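Novice: No sequence on hand, only this structure:
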């Protein structure tokens, strides 16, 4: 089969690789659409030791089951494979399973390929009226859905439901859409990149700013750099909530003294639960997350150039979707 393979820092190659072989109780899926994630970019830049080269990256995917009793089913893929038996899994917190795996990290190759193998429980059926490109957005949208849900659960009921999202990439945009689907009407996205800001102003009828102005009861940091954490801890209202979902860099930025004196809740959020993924998929299918027409589509064979374009800041769209069979 063909795949886009991460070969080393800023090196991606499209070519032949061994065919994906499904394990027992797994399905072989023909990939029809797969998104480029920020974590793929971190690996591409050599910033993610969990993803050593050579490796097939990609975990935001949708396609068609090609064999067995479910052959022909259109599915979107929950890439997080958990044990199903540990206390975290039993509690419905599969994202905290100590034995969790995710495609695009060893030992599981990713979905920048024509085929991938996944367990049955990781597949959600996609209705015929939903395109594969939209279905592939379930994974990044679920990341943001999970962050928005945890943040709102932590927000004191006396505080107004008003939010700032730092970063207008796919996760930031998805967080704003998730908040709106959860009936938070007043949501602002702070995005300093003028090219991306112009693009965002044309989609989904959202409030876009070049910087955070004022204070907010709820802040979602969808970037995760020291500078954005500094902004988050400065603009969160006393008694407010910061949900941190970005993985830009490891340390720095938080004003811990202010957060302590003002009783600001800080929540680290990672991926999603199986429930979050299913709820996100349903929200896509019934239109609660908007038109979802803001992704740019390219052939997987052009994936190396897509990574270079994202690296140079030349991509306005929050997401590039790659098509393995284009």
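Specialist: That came through, no problem. Everything numeric in this text was worked out from a predicted model, so none of it was measured.
Novice: dump the residue contacts of the residue nearest to residue 214 when sequence neighbours are not counted.
Specialist: Counting by CB to CB, 6 or more residues apart in numbering, the nearest residue to residue 214 once its immediate chain neighbours are dropped is residue 235, at 6.9 Å. In short, each C-beta sits where N, CA and C put it, glycine included. Going by CB atoms under 8 Å, 6 or more residues apart in numbering, residue 235 touches 164, 212, 214-216, 219.
Novice: Now, of these, which are buried?
Specialist: Burial by neighbour count, 16 or more other CB atoms under 10 Å: within the contacts of residue 235 this picks out 164, 212, 216, 219.
Novice: Mind putting those into TSV with secondary structure and distance to residue 36?
Specialist: Below are the buried ones among the contacts of residue 235 laid out as TSV (DSSP: H, G, I helix; E, B strand; the rest coil; distance: CB to CB, whole Å):
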residue	secondary structure	distance to residue 36
164	strand	26
212	coil	26
216	strand	29
219	strand	26
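Novice: could I get those as CSV with distance to residue 7 and pLDDT?
Specialist: Below are the buried ones among the contacts of residue 235 laid out as CSV (distance: CB to CB, whole Å; pLDDT from 0 to 100):
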residue, distance to residue 7, pLDDT
164, 39, 98
212, 38, 89
216, 42, 98
219, 38, 98
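Novice: Please identify which of those is nearest to residue 84.
Specialist: Lowest distance from residue 84 to the buried ones among the contacts of residue 235 (CB to CB) belongs to residue 219, with 34.0 Å.
Novice: circling back to that earlier point, please produce JSON lines containing the buried ones among the contacts of residue 235, extended by distance to residue 72.
Specialist: Below are the buried ones among the contacts of residue 235 laid out as JSON lines (distance: CB to CB, whole Å):
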{"residue": "164", "distance to residue 72": "44"}
{"residue": "212", "distance to residue 72": "48"}
{"residue": "216", "distance to residue 72": "47"}
{"residue": "219", "distance to residue 72": "44"}
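Novice: quick one, helices of this protein?
Specialist: Per DSSP state H, the chain carries helices over the ranges 38-44, 87-90, 132-135, 138-154, 170-181, 194-200, 226-235, 256-261, 274-285, 303-312.
Novice: who's in contact with the second one?
Specialist: So that's helix 87-90. 82-83, 94-98.
Novice: change it to 7 Å
Specialist: Residues from elsewhere that reach helix 87-90 (CB atoms under 7 Å, 6 or more residues apart in numbering): 82-83, 94, 96-97.
Novice: Might you report the residue contacts of the residue nearest the centre of the chain?
Specialist: Computing the C-alpha centroid of the chain and ranking residues by CA atoms, centre = their mean puts residue 140 first, at 2.4 Å. Residues near residue 140 by CB under 7 Å, 6+ apart: 35, 37, 60, 170-171, 174.
Novice: Which of the helices and strands in the chain ranks last by mean pLDDT?
Specialist: Ranking every helix and strand in the chain by mean pLDDT, DSSP states H and E puts helix 194-200 at the bottom, with a mean of 89.
Novice: give the contact list for residue 1.
Specialist: 17, 19-20, 113-115.
Novice: Distance of residue 28 relative to residue 271?
Specialist: 24 Å (CB to CB, to the nearest Å).
Novice: low-scoring stretches of the stretch 201-326 of the chain, by residue?
Specialist: Where the stretch 201-326 of the chain drops to pLDDT under 70, the residues are 204.
Novice: Would you list the buried entries among the contacts of helix 87-90?
Specialist: So, by 16+ other CB under 10 Å, the buried ones in these are 82, 94, 97.
Novice: Is residue 230 in contact with residue 253, as I believe?
Specialist: Yes - counting by CB atoms under 7 Å, residue 230 touches residue 253, with 4.3 Å between them.
Novice: Give me the more crowded residue out of the two.
Specialist: Set side by side, residue 230 and residue 253 show more neighbours around residue 253, with 19 against 15, by other CB atoms under 10 Å.
Novice: Which residue is the nearest non-sequential neighbour of the more buried one?
Specialist: Nearest non-adjacent residue to residue 253 (CB to CB, 6+ apart): residue 229, at 3.1 Å.
Novice: What residues does that neighbour make contact with?
Specialist: Contact analysis of residue 229 by CB under 7 Å, 6+ apart lists 221, 253-254.
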